[in-house]
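Novice: here you go, sequence then predicted model.
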Amino acid sequence: MKALILAQGDAAEGKLTREKQQAIRDTVNEIIEVLSDYQDTNPIANEATSKEEIISEAISTQPESTGSVLCVPSRSSLDEAASAMLAQILEKRAIKAVVQPTETSRTAKHLLVDVPDAQLVCLSYFGSTAKPAHVRYQIRRFKRALPQARFLACFWMLGGDSAKVEDWKVAVGADFVATSLDQAALICAREMCDASAVSFPILRTVGIA
């Protein structure tokens, strides 16, 4: 993710062409494919964990949920690369996730959703200067197509600005907001757990009722 943030900085300054952004996306997809055979492990398994981490670990051991997560790039190939990274993390945690291609989500006059049963839509956005009107527009479009879904706005560049994060969340009409892959994955796991009606048994199992 740090590499994508640096790439976005170059793109914002006009140093990274659209073709190079697409090349970065393709490279990320290749890396994801290579890593697909490896198990998702907890690097701090032997250390004290927070309540949220315990819940996340419990969720990751459950059978695959019946719903789906749709990961949507807001506008660029870098957004699409981040969406693919998030989808891989969710798949490792037995959560069905699909990435909606950038071209489909932006340009189609009549939105064709790849996952019509999606319970959660995650919009990936690189940018930090102005409230992203196009993210609000996309959420409105997807709400019409997926009235049952809730929406997570992933503002990858706003990690150190909590006030701006909350302001943008309200501005785009999202239900949730995240600024890192860890935050986004935890929110997705929690919401898919709730959608599958297994959250309370999980909490009792790990002793956090």
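Specialist: Received, thanks.
Novice: restrict the one helix or strand V121 maps to to CA atoms and write it as PDB.
Specialist: Using DSSP states H and E, V121 maps to strand 118-125. Once non-C-alpha atoms are left out, strand 118-125 reads as follows in PDB (Å, rounded to 0.1, in the frame of the first residue of the first chain):
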ATOM      1  CA  ALA A 118     -23.300  -7.900  -2.500                       C
ATOM      2  CA  GLN A 119     -23.900  -7.000   1.200                       C
ATOM      3  CA  LEU A 120     -21.000  -4.500   1.300                       C
ATOM      4  CA  VAL A 121     -19.500  -2.200  -1.300                       C
ATOM      5  CA  CYS A 122     -16.000  -0.900  -0.700                       C
ATOM      6  CA  LEU A 123     -14.900   2.100  -2.700                       C
ATOM      7  CA  SER A 124     -11.200   2.600  -3.000                       C
ATOM      8  CA  TYR A 125     -10.000   6.200  -3.500                       C
END
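Novice: C193 versus A81, what's the distance?
Specialist: Relative to C193, A81 is positioned 27 Å away (CB to CB, to the nearest Å). Heads up, the C-betas are built off the backbone N, CA and C, glycines and all.
Novice: the two: who's more crowded?
Specialist: A81 (28 against 22; other CB atoms under 10 Å).
Novice: and that one, helix, strand or coil?
Specialist: When classified by DSSP: H, G, I helix; E, B strand; the rest coil, A81 comes out as helix.
Novice: how about K131?
Specialist: coil.
Novice: give me the distance between it and L158.
Specialist: 11 Å.
Novice: what residues do those two have in common as contacts?
Specialist: W168 (CB atoms under 8 Å, 6 or more residues apart in numbering).
Novice: between those two, which is the more surrounded one?
Specialist: L158 (22 against 13).
Novice: who's in contact with that one?
Specialist: Taking CB under 8 Å, 6+ apart as the test, what L158 contacts is 128, 164-165, 168, 179.
Novice: so which helix or strand takes in it?
Specialist: Going by DSSP H and E, L158 is not in any helix or strand.
Novice: any idea how far it lies from S83?
Specialist: Distance from L158 to S83, by CB to CB: 17 Å.
Novice: hey, what's the angle from the helix or strand where Q138 lies to strand 118-125? Just curious.
Specialist: Counting by DSSP H and E, the element that carries Q138 is helix 133-145. Interaxial angle, helix 133-145 versus strand 118-125 (axes from the mean of the first three to the mean of the last three CA atoms, to 10 degrees): 170 degrees.
Novice: export helix 133-145 to CSV, keeping only CA atoms.
Specialist: Below are the C-alpha coordinates for helix 133-145, written out as CSV (Å, rounded to 0.1, in the frame of the first residue of the first chain):
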residue,chain,number,x,y,z
ALA,A,133,-17.7,14.2,-5.6
HIS,A,134,-17.3,11.2,-7.9
VAL,A,135,-17.2,8.8,-4.9
ARG,A,136,-20.5,10.3,-3.7
TYR,A,137,-21.9,9.9,-7.3
GLN,A,138,-20.7,6.2,-7.4
ILE,A,139,-22.3,5.4,-4.0
ARG,A,140,-25.6,6.9,-5.3
ARG,A,141,-25.4,4.7,-8.4
PHE,A,142,-24.6,1.5,-6.5
LYS,A,143,-27.3,2.2,-3.9
ARG,A,144,-29.8,2.1,-6.7
ALA,A,145,-28.4,-1.1,-8.1
